[in-house]
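Chemist: I would like the atomic coordinates for the input below:
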Amino acid sequence: MQATSAIPSDTISPKAKMVVAGAREIFLAHGFSAATTDMIQRAAGVSKSTVYAYYPTKEKLFEAVVEAECERAIQAVHSVAMNMNDLRDILTTLARSYMEIFLSPSGLALFRAIIGEAPRFPQLARHFYVVGPSSMNNLVAQHIERSTRIGELDVSSVGLDTAASIFTNLVRSEAQMQCLTHPDSIPSGAQQDQWINTAVITFLRAFGTPSSHTGKA
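Modeler: Residues are numbered from 1 along each chain as shown. Just a heads-up that it's a prediction; the model follows:
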């Protein structure tokens, strides 16, 4: 599995954190191309020389924002479901935690910014994939691997990593597409529950073994 390259936030100096916070505000509000160093330094409350001292290019600063956002998201999901025993509850909890991240205003804004700049800056898009979606796949794979060891799942037909990717894509697909294409529409809790339930049921029907059946609809 591929490990995240995100830098732990506790290794970043307070001044650098201020710069990243200001850059986050500007990048998420205006996108990468429209953001300027002047806008970022004003939002951060630091001098332009301070911005350049920590991040010599706008690309490096955008990478830092992506890493910080993805680290925060992964940490929020990392501890969920670890003490659960029921496979359906584990998958449901993972799906709900993930959906809260990618459907959040900041999650949608970051995704729009990344996709909009991907043709011009493919390395930034790749970096986002590695520290974001790929890291989430790795986290889900840990739970799937545990369930395969006790015979609740059989992912031998596709492999562990592919199975994890299938699950996260089931969770993300319709929900993310609807919110990206309807920016003024906020999905209800019932709608989110339906998306999550559909993803979990579909995954269990594809890879669940008889021992994973709990009798839930």
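
Chemist: At the geometric centre of the protein, which residue sits there?
Modeler: In the chain, the residue lying closest to the centroid (CA atoms, centre = their mean) is Gly132, at 4.7 Å.

Chemist: quick one, what contacts Ile101?
Modeler: Going by CB atoms under 8 Å, 6 or more residues apart in numbering, Ile101 touches 73, 76-77, 107. Glycine gets a C-beta too; all of them are placed from N, C-alpha and C.

Chemist: For those, work out which two are farthest apart.
Modeler: For the contacts of Ile101, the farthest-apart pair by CB to CB is Val77 and Gly107; their separation is 12.2 Å.

Chemist: Which parts of the protein are helices?
Modeler: For the chain, applying DSSP state H gives helices covering 14-34, 37-44, 48-54, 58-78, 87-102, 105-117, 122-131, 133-149, 160-181, 189-207.

Chemist: Lowest mean pLDDT across those helices, which one is that?
Modeler: Sorting those by mean pLDDT places helix 58-78 lowest, at a mean of 86.

Chemist: what angle sits between that helix and helix 37-44?
Modeler: Counting by axes from the mean of the first three to the mean of the last three CA atoms, to 10 degrees, helix 58-78 lies at 40 degrees to helix 37-44.

Chemist: can you give me the offset of helix 58-78 from its chain's centre?
Modeler: The gap between where helix 58-78 is centred and where its chain is centred comes out at 9 Å by CA atoms, centre = their mean, to the nearest Å.

Chemist: for the closest residue to Arg172 other than its chain neighbours, what are its contacts?
Modeler: Excluding the flanking residues, the one nearest Arg172 by CB to CB, 6 or more residues apart in numbering is Phe102, at 6.0 Å. Under the criterion of CB under 8 Å, 6+ apart, the neighbours of Phe102 are 108, 111, 172, 175-176.
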